[in-house]
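Chemist: Pasted the sequence and its predicted model underneath.
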Amino acid sequence: MDKEEKMGIEIARNNLVIPQKSGEWTIASLNQEDYKIEVSKDSNGQFHCNCSFFTSTGKTCRHIYAVRYTINLIQLREGDPLKKPGAVKTNKSRYKQNWSPYNEAQNNADVVFPWILSDLLFGLKTKQNETGRPPIKLNEALFCTLRKVCLNKTIRGVKCQYASDLKDKYIEHTPHPNITSKILNREDITPHIDHILAKTSRPFVGRARIFAIDSSGFSTSIIEDKKGNDQDKDNKQTSIIKNGIHNSQDENSKKTSKNEEKKEIDQNKDDKKRHHKSIKGHIMVDVDTHIITAATVTNSNIPDSKEFEKLVNITKKNGFTIERILADKGYYSEDICQFAENNNIEYYTHPKSNANPDPGTLLNRMVDKYLLHIEEYLDNYHQRSNVEATFHMIKCFGEQLRSKNDIAQKNEVLCKLIGHNIHVLIHEMYQSLSYRYQELDLSKFIPGITSQRYNPITPNVSCQPVYDLISENRFPRFRD
């Protein structure tokens with residue numbers, strides 16, 4: 001921050017900017033009572049000042065900075081400036097689509113998906129039982145579980161898909177329908193799913209630099225009251241008690257008890273508001289490719305800001321270099337700003353309407369930057385919308401979870417994230433490699449493929465070429 005910007009902030013904080021009816025602003029001097037400067041705005045939205053610094057150099061002076069700071073602060077106090085038409089104008093990003101490889105990726109995603117998934121799960125070791133029937137292989141069990149979750153079908157509705165996968169030799173046996181439920185309910189499976197999610201992001205290690213963080217809820221079929229108590233369990237218990245009472249009473253007592261029950265229900269309507277339980281998924285996303293580099297799953301009452309450090313540490317552990325992070329108001333915190341500063345990360349978040357940080361703090365510096373250069377700040381901040389688009393893509397696999405208990409619900413959310421990453425990988429395979437590998441025939445290596453173009457696969461039937469060619473650098477295989 002240069003000298004003129006610092007002086008402009010000091011002028012604004014001392015309430016020396018006075019608006020005029022003509023639409024101009026008068027700035028009183030800090031030292032001389034009779035000395036005043038006038039700032040005006042032309043039809044193009046450019047500020048002009050009659051001070052000697054601006055007239056001689058044409059550069060933005062402290063008085064213009066003071067006017068900008070004051071206007072943007074008023075708009076921030078009154079509400080979100082983005083929702084006020086004409087208040088703040090930002091450059092909307094336009095993304096061009098290469099439609100030919102995009103269409104090929106969409107047409108063949110369902111066929112390429114199991115091929116990549118089977119390679120991801122290669123080498124998972126299965127614990128052998130000392131006695132009894134040998135268990136199903138862990139890689140096959142996880143393969144079937146991920147297929148079921150990403151197809152958003154019931155455990156019996158996905159049986160036809162298992163038959164197709166058996167025919168294409170992705171699995172050796174058609175599993176029992178309950179195997180997916182058993183896998184999701186196992187707590188020891190969660191580290192395996194986290195590891196697979198990390199592996200799907202590895203091809204983008206050399207490309208991803210700017211990330212966005214956010215969270216979103218996934219609803220379940222479990223109904224709770226406002227205190228978080230399970231209504232289904234309460235209803236079952238009360239029905240058992242009521243049945244026992246009714247059996248021991250005569251007809252007259254039944255009528256009176258029913259009337260009392262109705263009164264109790266009416267009295268408790270305001271106290272017990274039924275709603276579906278939800279859990280929250282926190283993700284860190286590359287704004288360019290929408291690949292998920294880190295994820296955590298928590299209860300819906302956990303604040304977003306508590307997961308910030310975890311997501312950043314997981315992303316760095318996976319080999320990514322973080323230059324910039326974008327987050328919404330839920331991550332507006334001095335502790336987060338300090339954590340980003342310690343890790344040399346440029347951090348952008350939107351200030352709250354009641355923002356009044358202590359002078360000299362990192363949060364104060366960020367708010368000053370927002371108020372002085374709001375257009376430039378919002379141009380960078382708007383890249384955060386990519387994480388919203390990512391959640392929309394994830395919920396195409398189903399917004400409501402089918403699992404009943406906490407462990408299975410967490411694993412189900414992570415499986416949806418893996419499915420999203422695989423689809424992003426397929427998209428990048430076609431978009432990035434289409435023009436260098438048009439001669440090769442993908443149908444030789446992936447059963448059921450319809451395309452005769454855009455093939456990045458070589459005869460070793462491995463995902464190594466995908467990793468090598470998506471970016472300019474070389475990366476390890478899916479197989480550890």
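Modeler: Looks like it came in fine. Numbering: from 1, shown residues only.
Chemist: Tell me which stretches of the protein form strands.
Modeler: In the chain, the strands defined using DSSP state E lie at 17-19, 25-28, 36-41, 47-49, 210-224, 275-286, 292-299, 324-327, 346-349.
Chemist: Now tell me what touches the first one from outside.
Modeler: Contacting residues not belonging to strand 17-19 are listed as Ile11, Trp25, Thr26, Ile27, Ala28, Ala66, Val67, Thr70 [CB atoms under 8 Å, 6 or more residues apart in numbering]. Heads up, the C-betas are built off the backbone N, CA and C, glycines and all.
Chemist: beta partners of the fifth one?
Modeler: Counting by DSSP bridges, Ala28 forms beta bridges with Lys36.
Chemist: burial of it, as a residue count?
Modeler: By other CB atoms under 10 Å, 17 other residues sit near Ala28.
Chemist: Now do it against Asn15, distance only.
Modeler: 9 Å (CB to CB, to the nearest Å).
Chemist: Repeat that for the last one.
Modeler: Using CB to CB, we find Thr70 at a distance of 9 Å from Asn15.
Chemist: Also His192?
Modeler: For His192, the distance to Asn15 - CB to CB - is 60 Å.
Chemist: The two: which is more packed in?
Modeler: Legend: neighbour count by other CB under 10 Å for His192 and Asn15, higher for His192 (18 against 9).
Chemist: And the pLDDT at that one?
Modeler: With respect to pLDDT, His192 has a value of 92.
Chemist: if I read this right, it contacts Leu124, doesn't it?
Modeler: Yes: using CB atoms under 8 Å, His192 makes contact with Leu124 at a distance of 6.7 Å.
Chemist: List the residues that are in contact with both of the two.
Modeler: Common neighbours of His192 and Leu124 (criterion: CB under 8 Å, 6+ apart): Leu138, Leu142.
Chemist: What segments of the stretch 351-480 of the chain are helices?
Modeler: Remark: helices assigned in the stretch 351-480 of the chain by DSSP state H, counting those that start in this stretch are 362-372, 374-381, 385-394, 406-433, 464-470.
Chemist: no, scratch that, I was asking about the stretch 51-200 of the chain
Modeler: Under DSSP H, counting those that start in this stretch, the stretch 51-200 of the chain gives helices at 52-57, 62-78, 99-120, 138-151, 159-167, 179-184, 190-201.
Chemist: what's the neighbour count on Asn354?
Modeler: Neighbour count of Asn354, defined by other CB under 10 Å: 7.
Chemist: And Pro135, by the same measure?
Modeler: Pro135 sits with 12 neighbouring residues when counted by other CB under 10 Å.
Chemist: try Lys352
Modeler: Quick note: Lys352 (other CB under 10 Å) scores 12 neighbours.
Chemist: Please verify my assumption that it contacts Lys329.
Modeler: Yes: the criterion here is CB under 8 Å, and Lys352 meets it with Lys329 at 5.5 Å.
Chemist: which residues are in contact with both of those two?
Modeler: By CB under 8 Å, 6+ apart, no residue touches both Lys352 and Lys329.
Chemist: any idea which of the strands of the chain scores lowest on pLDDT?
Modeler: strand 36-41 (a mean of 79).
Chemist: mind listing what Ile11 touches?
Modeler: Val17, Ile27, Leu30, Arg62, His63, Tyr65, Ala66.
Chemist: residues contacting Tyr430?
Modeler: Taking CB under 8 Å, 6+ apart as the contact definition, Tyr430 lies against Pro101, Tyr102, Glu104, Ala105, Tyr454.
Chemist: Tell me the spacing between the residue nearest to Thr60 when sequence neighbours are not counted and Cys144.
Modeler: With CB to CB, 6 or more residues apart in numbering as the criterion, Thr60 has its nearest non-adjacent residue at 6.8 Å, and that residue is Glu4. The spacing between Glu4 and Cys144, counted by CB to CB, is 64 Å.
Chemist: hmm, back to that, just the buried ones out of the contacts of Ile11, please.
Modeler: Val17, Ile27, Arg62, His63, Tyr65, Ala66 (16 or more other CB atoms under 10 Å).
Chemist: Quick one: those residues as TSV, columns for distance to Lys317 too.
Modeler: What follows is the buried ones among the contacts of Ile11, written out as TSV (distance: CB to CB, whole Å):
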residue	distance to Lys317
Val17	48
Ile27	51
Arg62	45
His63	48
Tyr65	41
Ala66	45
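Chemist: which stretches of the stretch 101-250 of the chain aren't confidently modelled?
Modeler: Low-confidence segments of the stretch 101-250 of the chain (pLDDT under 70): 128-132, 225-250.
Chemist: again, 80 this time
Modeler: For the stretch 101-250 of the chain, the stretches with pLDDT under 80 are 101, 104, 122-135, 224-250.
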